[in-house]
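A.B. asks: pasting the structure only:
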């Protein structure tokens, strides 16, 4: 299939993504996807591409070289702890993803794990397995890489100082009410993990929460 799904056909495809294959359901296949039995599986990241994205500074979504401005597509809880498991993208690619990706634009959609390969690797650290209903593009010029002390093995990205943040829900700019609802429902999950590490971790989380609140739109 080469035609885009009717639901996203009206969204301009960024030039960086025009070389990507189109899935049987009519969606561009992100560069990071691995092939399973000869077919791309959007649920699984290719480990070799992950390593190349980090070492060669390539966009996670299109595979092309990144510039100085880095866009991380993250959930609201990542804006609190400033940690994510996925490499950065071009801003144009990130904006397309938040407008066209079914998981990011449909708050009630859940991850489909049917027939997922048993040996498929989960993201590093401790994953919050939910659809937060809200996502955001975190623009920065820097990040650092570290290995988590708990959870799944691998690499995590500590986000640099934000130059711009835009929250989205259902493919449009999110309201403050939607953002707060997502954060409020996710904070207990972060607090649960912080409690395992003790009082210092709880205090650190509360500090980061207050910092994140300063980044939210006023209305």
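C.D. replies: Now that the structure is in, tell me what you want to look at. Remember, predicted model here, so these are calculated numbers, not experimental data. Numbers count the residues shown, from 1 in each chain.

A.B. asks: any idea how many residues pack against the residue nearest to residue 12 when sequence neighbours are not counted?
C.D. replies: Spatially, and ignoring its direct neighbours in sequence, residue 12 is nearest to residue 96 (7.9 Å; Cβ to Cβ, 6 or more residues apart in numbering). C-betas here are computed from N, CA, C, even on glycine. Residues lying near residue 96 (other Cβ atoms under 10 Å) number 22.

A.B. asks: quick check: residue 96 is in a helix.
C.D. replies: Yes - remark: residue 96 belongs to a helix, assigned using DSSP: H, G, I helix; E, B strand; the rest coil.

A.B. asks: who's in contact with it?
C.D. replies: Taking Cβ atoms under 8 Å, 6 or more residues apart in numbering, we find residue 96 in contact with 11, 12, 13, 14, 17, 61.

A.B. asks: make a markdown table from the residues you listed and add neighbour count, pLDDT and secondary structure to it.
C.D. replies: A markdown table is the format used below for the contacts of residue 96 (neighbours: other Cβ atoms under 10 Å; pLDDT from 0 to 100; DSSP: H, G, I helix; E, B strand; the rest coil):
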| residue | neighbour count | pLDDT | secondary structure |
| --- | --- | --- | --- |
| 11 | 13 | 95 | coil |
| 12 | 9 | 95 | coil |
| 13 | 17 | 95 | coil |
| 14 | 22 | 96 | coil |
| 17 | 23 | 96 | helix |
| 61 | 29 | 97 | coil |
